[in-house]
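[1] What follows is a predicted protein model with its sequence.
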Amino acid sequence: MFERIVNWARANMPTREQMEQNRFARPLAARHELWRFTRRSVPRGVAAGLFIGIFALIPGIQIIGAALMCVPCRGNIPLAVLMTFISIPPTTLFVFLPGAIAVGNSFGFHADFSTVQAMVTKGAGIGEWLVWLGSDAAPSLVIGLFLISIVSAAIGYVLAAFGWRWWTAHKRKVRNMRAAARDFPD
């Protein structure tokens with residue numbers, strides 16, 4: 001399954017050379033260190049993508065924000081963009097929003113997730129959503145999303161760093177085994 005995801009990403013992600021032809025993406029594409037997979041850039045890219053992907057729940061903003069966040073922290077842009085896809089509609093509606101509201105309510109706010117569920121089922125308009133956000137829901141949601149995104153980014157950074165170390169150790173072990181088999185055939 002992991003290979004299928006990687007193959008899909010390779011087939012559908014634009015290359016750095018393609019992005020150099022776009023006048024808006026050219027400044028990011030010109031910086032080669034933002035596209036390399038190194039032991040430092042991979043965890044930084046994962047953390048940047050998770051933070052922006054969870055905190056900014058607007059799809060176009062997530063990708064642009066993750067790419068721009070990689071510039072000062074020198075993270076890997078393709079991984080950051082890929083990590084923003086953690087906030088697909090099912091995870092947003094059933095994991096992040098209820099969790100963010102619960103975390104925000106622990107700070108004394110009074111947002112109610114049952115109101116969100118009712119508004120989603122009846123297909124509420126923009127005006128109703130703005131009224132809901134104008135109540136205590138907005139601070140609760142923002143504080144909750146911020147804290148969840150910080151914790152997720154930290155966990156993602158640590159897991160990516162350990163994953164990178166495991167992957168490079170695994171590759172080294174396989175390479176050494178092949179060299180030993182080639183040098184000492186049975």
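    All right, it came through fine. Residues are numbered from 1 along each chain as shown.
[2] Just list what the longest helix anywhere in the chain packs against, helices and strands only.
    Across the chain, the longest stretch assigned as helix under DSSP state H is helix 138-183. Secondary-structure packing of helix 138-183 (3 or more CB pairs under 8 Å, 6 or more residues apart in numbering; DSSP states H and E): helix 41-55, helix 97-105. No exception for glycine: its C-beta is placed from N, CA and C like everyone else's.
[3] Of those helices, which shows the lowest average pLDDT?
    Considering the helices and strands packed on helix 138-183 one by one, the lowest average pLDDT is found for helix 97-105, at a mean of 86.
[4] now the helix or strand following that one and helix 97-105, what's the angle there?
    For helix 97-105, the following helix or strand on the C-terminal side (DSSP states H and E) is helix 113-122. Between helix 113-122 and helix 97-105, the angle comes out at 150 degrees (axes from the mean of the first three to the mean of the last three CA atoms, to 10 degrees).
[5] Can you report how many residues neighbour residue 142?
    A count of nearby residues for residue 142, using other CB atoms under 10 Å, gives 15.
[6] That one against residue 104, yeah?
    Yes - at 7.3 Å, residue 142 and residue 104 qualify as touching, with contact defined as CB atoms under 8 Å.
[7] coming back round to it: among the helices and strands packed on helix 138-183, which is the most enclosed?
    Mean neighbour counts were taken over the helices and strands packed on helix 138-183 using mean count of other CB atoms under 10 Å, and the top value, a mean of 27, falls to helix 41-55.
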